[in-house]
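Q: predicted model and sequence follow; I will ask about them next.
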Amino acid sequence: MSANKRIQTVRGAIEPDALGRALMHEHVICDIYRVTGRLNELLNDEALAVAELKLLRQAGGAGLVDVTTPDLGRDPEALRRIAEATGLHIIMGSGWYRQPFYPPEIDRLPTNQLADIIIAELTEGVAGTGIRAGIIGEIGVDLDYASAQEERVLRAAARAQKATGAPLTTHASMYPVGLAQLDILRDEGVDLNRVIIGHCDTYLDQDYHLAILEAGAYAQFDTVGREHMNPDSRRAKAFVDLLRLGWGERLLLSSDRCFRSDLRAFGGLGYGYVFTAFFDMLRAEGLDDETLDRVTIANPRRVLAW
């Protein structure tokens, strides 16, 4: 890894080796409720977030990527306070989520100006805070295609990625729509080695996963514990099958906690589940600790450094 590459957290840049075991797609402060009207989809209690993330620390977690974008209620200063209270390395996202959540400026601003907003957040900080984003995304599509607005956001994200070298992470849920995202990013000239296709475990088709990996991108299994999307038994087997095919350096794990019912305080699995119960499932499938370390320590260090 190049000596000048660092990981940008909400408390400042760190050396990649300082990151530790990390979840790659989570939400700490997040407001989906304003769009859906479902109260379960609101995380805005800092004290509760601190308590829940201390449990992640107890489970061996040291880092977390919060992919909450401004249209999902991102709060940079709250993230920094939570990082300081827990000692976690929190990496903050930038960009816009998917069409039902977009603000009016997605239609009103030129694509290059949208890119400039992301670039500024990565290189200078979110306006008025000085807190820099460390990753682009999550950049999503709502259904099984990219709408015109979503394509514009993907192109803006691509241009910001090329200008900065920052990693770019996507939302591609329930359909094999990550391939459409890759087509747009490739058209913009993005180095797909810097791209993470999210929610691959919501569509458990190995040909889809292999197409992503063969393109050079990371395939992320990041809805661990969401049994209504796929049973973890299927998720674990599909993940291990890809590892046995030799893709260990291109796979990432997380759990996408974004609901109140996800939290331990409300009877949910919490942020530590990947590193405890799901690790046990992977070990039962034959994985050793060296492989688990590669997926949750070495791979995050590599892709998050820029």
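A: Perfect, I can see it now. This structure is a prediction, so every number in the text was calculated from the model and none was measured.

Q: quick one: contacts of stretch 123-135?
A: Outside stretch 123-135, the residues that touch it by CB atoms under 8 Å, 6 or more residues apart in numbering are 7-10, 65, 67, 76-77, 79-80, 91-94, 118, 120-122, 164, 166-169, 304. (Glycine included, C-beta is placed from N, CA and C.)

Q: how does it look with 6 Å?
A: 8, 10, 65, 76-77, 80, 91-94, 121-122, 167, 169 (CB atoms under 6 Å, 6 or more residues apart in numbering).

Q: let me know the pLDDT of residue 2.
A: What the model reports as pLDDT for residue 2 is 53.

Q: now residue 250: how far from residue 151?
A: 25 Å (CB to CB, to the nearest Å).

Q: of these two, who's got more company?
A: residue 250 (23 against 17; other CB atoms under 10 Å).

Q: report the contact partners of the more buried one.
A: By CB under 6 Å, 6+ apart, the neighbours of residue 250 are 213, 218.

Q: let's go with 10 Å and repeat that
A: Applying CB atoms under 10 Å, 6 or more residues apart in numbering to residue 250 gives the contacts 193, 196, 209, 212-214, 216-220, 242-243, 295, 299, 302-303.

Q: next one: residue 74
A: Listed by CB under 10 Å, 6+ apart, the contact set of residue 74 reads 27-31, 66-68, 92-94, 97, 121, 126, 133.

Q: in which helix or strand does it reside?
A: Per DSSP states H and E: residue 74 is located in neither a helix nor a strand.

Q: for residue 139, same thing?
A: strand 136-140.

Q: before we move on, what about residue 159?
A: helix 148-164.

Q: so what angle separates the directions of that helix and strand 136-140?
A: 160 degrees (axes from the mean of the first three to the mean of the last three CA atoms, to 10 degrees).

Q: the next helix or strand after helix 148-164 packs against which elements?
A: Using DSSP H and E, the helix or strand that follows helix 148-164 in sequence is strand 168-171. Packed against strand 168-171 by the contact rule (3 or more CB pairs under 10 Å, 6 or more residues apart in numbering; DSSP states H and E) you find strand 22-26, strand 136-140, helix 148-164, helix 178-187, strand 195-197, strand 218-221, helix 299-304.

Q: at 8 Å what do you get?
A: Using 3 or more CB pairs under 8 Å, 6 or more residues apart in numbering; DSSP states H and E, the elements in contact with strand 168-171 are strand 136-140, helix 148-164, helix 178-187, strand 195-197.

Q: what subset of the contacts of stretch 123-135 is buried?
A: 8, 10, 65, 76, 80, 91-94, 121-122, 167, 169 (16 or more other CB atoms under 10 Å).
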